[in-house]
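Peer 1: no sequence for this one, just the structure:
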């Protein structure tokens, strides 16, 4: 009874004299390897030479400051909620008098930590952020020797006042416009008019 | 007498330095060559284009922790790599490196010693080399090391026989002298021996691969089956000596193959070239040119060794034995018979 049509008749072919000599086959193999001598290796000599990456590459995060140098983050926790890897933790602080130049709004993130080993660089924190405070950049996360060194605090995440990090390639006008479309569920939450009426969801 | 001693000392030191330097750079070239064959770049960080890589490897080997297993036989454990290295180096004594130099009426041979049984000396020292592996593997008191050592010794013994018979045929066709110097000089007058001994060369070359434990005959240190083979238990510079001696062996084998079959330091139309350059016999420049020619031939064979290593997979053990005893041995005997017949008709043998 034939169950499948994959039957193959085994060939018990005896090797010819030329095949048993092996030398022709060896010569053939050697010619193949020799032909690789003249091929250009695809190697990229890394530290000197870098592979071009997309402008919207999702690398190490940055916590942005506003035009005046005050931190944009208000510690609302939307990013931590959105994070599928639960890599973000934060504690909130209240802005004191005289700290207006440091923090944009009354509430700010006293600590803000991202565990770079947990992070999957999906960019959902950036999408969730209502204050345009967190962005992923095209920088790579450094290698470390200890696991604890991969937990990045505000010292590593907040951009320096004198060394701003350009995110205009990610924060394009199209993105900003998208965030203003009122019909989208994503944007409803932060739509002031709707918030005033009370959240229907 | 004192000049003789100085001259011999210079020759010994010179050849020794040549061996060490070339073996060191053979390790680099092996890695580079492998990289080129595999579309990679190879070591390129230490020094310009990786030129200081052998130095870095040497420093690494010396700095590594040295472990001598306390179940091993300490004296033999140390003797193993030393013996392997010594035999590898000693083989070079009979290789003629260049044309003799005439300084102030004295003719200085560019060879450490021209003994009249040079070929037999080569075979003898090469077979002592297996003791290094055997003793090292056995003294390790490790099953993998022992298996590697057993494989090495049976492989070397098996392949020495066709190698020896191929050499007999070579000596018959090259004029009957066992001195390497005489064999080279005979090739200067006529054709290189490869013309009369193509089959013998093939047999000798395959046996040389097996004798130096190079792929596809690297069963003694077969990683996939035997961890590290005979040097499983070795670390630090003792391991370094084993690995290093392999490259010296490769260099010497290439030199011997070039000398026996490819005319050594001779090349076609050598005398015509010297005449056009206006160099008299015994000139230093002739020596330099002939030495470079030999080095070029050696380099070619080293490349061939490496090319084969990075192309062919390793033999299975029974295949190795079959090839040695059932193919190469009859083939070498046939080659011997053929040589005798050919040489009879060439008029070199008289009954």
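Peer 2: Okay, I see it. Not measured: the values here are computed from a predicted model.
Peer 1: Which of the helices and strands in chain B ranks last by mean pLDDT?
Peer 2: helix B:223-226 (a mean of 73; mean pLDDT, DSSP states H and E).
Peer 1: so what secondary structure elements neighbour that one?
Peer 2: helix B:143-173 (3 or more CB pairs under 8 Å, 6 or more residues apart in numbering or on different chains; DSSP states H and E). All C-beta atoms are positioned from the backbone trio N, CA, C, and that covers glycine.
Peer 1: Quick check: next helix or strand after the helix it packs on?
Peer 2: Counting by DSSP states H and E, the next helix or strand C-terminal to helix B:143-173 is helix B:180-189.
Peer 1: Near chain A, which residues of chain B are found?
Peer 2: B:35-41, B:44, B:307-308, B:310-312 (CB under 8 Å from any CB of the partner chain).
Peer 1: Kindly supply the ChimeraX command isolating those of these that are buried.
Peer 2: Buried members of the residues of chain B next to chain A, defined by 16 or more other CB atoms under 10 Å in any protein chain shown, are picked up in ChimeraX with:
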select /B:35,36,37,40,44,307,308,310,311,312
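Peer 1: Let's have the residues of chain B next to chain A in JSON lines, adding pLDDT and distance to residue B:86.
Peer 2: Conversion of the residues of chain B next to chain A to JSON lines gives the following (pLDDT from 0 to 100; distance: CB to CB, whole Å):
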{"residue": "B:35", "pLDDT": "90", "distance to residue B:86": "32"}
{"residue": "B:36", "pLDDT": "89", "distance to residue B:86": "33"}
{"residue": "B:37", "pLDDT": "89", "distance to residue B:86": "33"}
{"residue": "B:38", "pLDDT": "89", "distance to residue B:86": "34"}
{"residue": "B:39", "pLDDT": "89", "distance to residue B:86": "39"}
{"residue": "B:40", "pLDDT": "88", "distance to residue B:86": "35"}
{"residue": "B:41", "pLDDT": "87", "distance to residue B:86": "36"}
{"residue": "B:44", "pLDDT": "86", "distance to residue B:86": "34"}
{"residue": "B:307", "pLDDT": "91", "distance to residue B:86": "29"}
{"residue": "B:308", "pLDDT": "90", "distance to residue B:86": "27"}
{"residue": "B:310", "pLDDT": "89", "distance to residue B:86": "29"}
{"residue": "B:311", "pLDDT": "89", "distance to residue B:86": "32"}
{"residue": "B:312", "pLDDT": "88", "distance to residue B:86": "30"}
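Peer 1: Among the residues of chain B next to chain A, name the ones in helices.
Peer 2: Among the residues of chain B next to chain A, the ones falling in helices (DSSP state H) are B:35-37, B:307-308.
Peer 1: May I have the predicted confidence score for residue A:100?
Peer 2: pLDDT recorded at residue A:100 is 84.
Peer 1: which residues touch the residue of the stretch 201-350 of chain B at minimum distance from chain A?
Peer 2: Per CB to the nearest CB, residue B:311 is where the stretch 201-350 of chain B lies closest to chain A, at 4.5 Å. Going by CB atoms under 8 Å, 6 or more residues apart in numbering or on different chains, residue B:311 touches A:26, A:29-30, A:32-33, B:37.
Peer 1: Name the helix or strand for the closest residue in space to it that isn't next to it in sequence, please.
Peer 2: Among residues not flanking residue B:311 along the chain, residue A:33 sits closest, at 4.5 Å (CB to CB, 6 or more residues apart in numbering or on different chains). Assigned by DSSP H and E, residue A:33 falls within helix A:23-37.
Peer 1: Now for residue B:335, how many residues are close by?
Peer 2: 25 (other CB atoms under 10 Å in any protein chain shown).
Peer 1: quick one, what contacts it?
Peer 2: By CB under 8 Å, 6+ apart, the residues touching residue B:335 are B:165-166, B:169, B:197, B:199-200, B:203.
Peer 1: is it true that it lies in a helix?
Peer 2: Yes. Using DSSP: H, G, I helix; E, B strand; the rest coil, the assignment for residue B:335 is a helix.
Peer 1: Tell me how far it lies from residue B:170.
Peer 2: Going from residue B:335 to residue B:170 by CB to CB, to the nearest Å gives 9 Å.
Peer 1: Check the contact lists of the two and give me the overlap.
Peer 2: B:197, B:200.
Peer 1: Quick check: pLDDT value at the most centrally placed residue in chain B.
Peer 2: Central residue check for chain B by CA atoms, centre = their mean: the C-alpha nearest the mean position is that of residue B:253, 1.9 Å away. In this model, residue B:253 is scored at 89, pLDDT.
Peer 1: Could you verify my assumption that it touches residue B:208?
Peer 2: Yes. Contact criterion CB atoms under 8 Å: residue B:253 and residue B:208 qualify, at 4.5 Å.
Peer 1: Stretch B:117-128 - what's its average pLDDT?
Peer 2: Here the average pLDDT along stretch B:117-128 is 86.
Peer 1: now what about it, what contacts it?
Peer 2: Contact with stretch B:117-128 is made by B:83, B:87, B:90-91, B:93-94, B:115, B:156-157, B:160, B:163-164, B:167, B:171, B:178-181, B:183, B:211, B:256, B:260, as judged by CB under 8 Å, 6+ apart.
Peer 1: and the residues of chain B next to chain A, which two are the farthest apart?
Peer 2: Greatest spatial distance among the residues of chain B next to chain A (CB to CB): B:44 and B:312, at 26.6 Å.
Peer 1: Compute the number of surrounding residues for whichever residue of the stretch 51-200 of chain B sits closest to chain A.
Peer 2: As assessed by CB to the nearest CB, chain A sits closest to residue B:199 within the stretch 51-200 of chain B, at 11.6 Å. Residue crowding around residue B:199 was assessed by other CB under 10 Å; the count is 16.
Peer 1: where does the stretch 51-200 of chain B dip in pLDDT?
Peer 2: Within the stretch 51-200 of chain B, the stretches with pLDDT under 70 are B:190.
Peer 1: what do you get for the stretch 251-351 of chain B?
Peer 2: Along the stretch 251-351 of chain B, the parts satisfying pLDDT under 70 run over B:351.
Peer 1: How about chain A?
Peer 2: In chain A, residues with pLDDT under 70: A:179, A:182-201.
Peer 1: how much does the helix or strand harbouring the residue of the stretch 51-200 of chain B closest to chain A deviate in direction from helix B:143-173?
Peer 2: Per DSSP H and E: residue B:199 is located in helix B:198-211. The directions of helix B:198-211 and helix B:143-173 differ by 160 degrees, with axes from the mean of the first three to the mean of the last three CA atoms, to 10 degrees as the criterion.
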